[in-house]
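Peer 1: Sequence plus predicted model, see below.
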Amino acid sequence: MSEIILPVQNYDLAGTLDSGQAFRWSRPGPGWTGIIGGRVVRLAAVAAGIRAETVDGVTDWSWLTTYLQTDVDLAAILQTFPKDAPMQAAVAASPGLRLLRQDPWECLASFMLSSTKQIVQIRQIIALLCERHGARIDDPGDPPAFAFPTPAQIAGLSEDQLRACKMGFRAPNVLAAARRIDTGEFDLARVSTLPHAEARAELMKLAGVGGKIADCVLLFAFGFNAAFPVDVWIKKALQELYFPRRRASEKRLQHFAATHFGSHGGYAQQYLFHYMRTKKTARGRG
């Protein structure tokens, strides 16, 4: 067992792990358990920062600080947000909310599976996929843990095997993406080297990847902080918080999202997304 305390302040661990960015975190007790790459990781917020544990003999924890983005200057990012009342209310509701930096393939496949699904359903699909087709992780915890399947592992499956994981119509697109990436026909790593607009267009060459999914991958895996995913919750947030007296068209909402929130618009989006989800849940509507 290896353990470390990451010295970070103003980090909302619960909000970050449970805000719809990643889907493999659970809270079986006072802390959080998740899987990053081939490791089971247990995290807990403590006075000095974040305590992390894993069964591996770890000496270099940079993979975790990168994933959790603990070195990010959050105060500087928040200063770039517009100073309007809705944005400030969203920040006040979840101070310390961060963006994660995820594995590009896992992030891409996960958001391809998210289409028209609620977060609890996305987690169920991904759990089935990993249990049936991912590599077993050496960890004494219960239940057994499994890594997210690689492109090569998924490429070797049939569409029926993927549909058996409750993917439905998403199965052929995930399978096609895995096969294109596995053969090298599509270079996922290259996306990070492209300018924002070109990176977005490149991801959208994959069947089943529209603008929203591409923006999620750019934001949560590649660190394009200006990427602004617009889904149902964000449309509700923009409409209710910024256009309460008139119905804004989709084109108007898209333009507003692209121009109002600045160079860290993706961060602002995540605050608004989490704010709307938790606000609606508190009202019993979410």
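Peer 2: Received it, and whenever you're ready, just let me know what you need.

Peer 1: domains of this structure?
Peer 2: Domains of the chain are assigned by automatic domain parsing as 2-71, 78-93+225-286, 104-220.

Peer 1: which stretch in the ones you listed has the least confidence?
Peer 2: Note on these: lowest mean pLDDT is at domain 78-93+225-286, with a mean of 87.

Peer 1: Dump the top strand by length along the chain to PDB, restricted to CA.
Peer 2: Criterion DSSP state E: the longest strand present in the chain is strand 39-46. In PDB, the C-alpha atoms belonging to strand 39-46 read as follows (Å, rounded to 0.1, in the frame of the first residue of the first chain):
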ATOM      1  CA  ARG A  39      -4.800   1.400 -10.500                       C
ATOM      2  CA  VAL A  40      -7.600   1.400  -7.900                       C
ATOM      3  CA  VAL A  41      -7.200   4.700  -6.100                       C
ATOM      4  CA  ARG A  42      -8.800   5.800  -2.800                       C
ATOM      5  CA  LEU A  43      -9.100   9.500  -2.100                       C
ATOM      6  CA  ALA A  44     -10.300  11.500   0.900                       C
ATOM      7  CA  ALA A  45     -10.400  15.200   1.700                       C
ATOM      8  CA  VAL A  46      -8.300  16.000   4.800                       C
END
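
Peer 1: got the buried residues for that strand?
Peer 2: R39, V40, V41, R42, L43, A45 (16 or more other Cβ atoms under 10 Å). Using the backbone N, CA and C atoms, a C-beta is placed for each residue, glycine as well.

Peer 1: tell me the contacts of R136?
Peer 2: Applying Cβ atoms under 8 Å, 6 or more residues apart in numbering to R136 gives the contacts P144, A145, F146.

Peer 1: Buried ones from the residues you listed, can you make that a PyMOL selection?
Peer 2: In PyMOL syntax, the buried subset of those is picked out as below (16+ other Cβ under 10 Å):
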select buried, resi 145+146
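
Peer 1: In CSV: the contacts of R136, plus secondary structure.
Peer 2: Shown next, in CSV, are those (DSSP: H, G, I helix; E, B strand; the rest coil):
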residue, secondary structure
P144, coil
A145, strand
F146, strand
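
Peer 1: ok, so of the contacts of R136, who is nearest D60?
Peer 2: Nearest to D60 out of the contacts of R136 is A145 (Cβ to Cβ; 21.4 Å).
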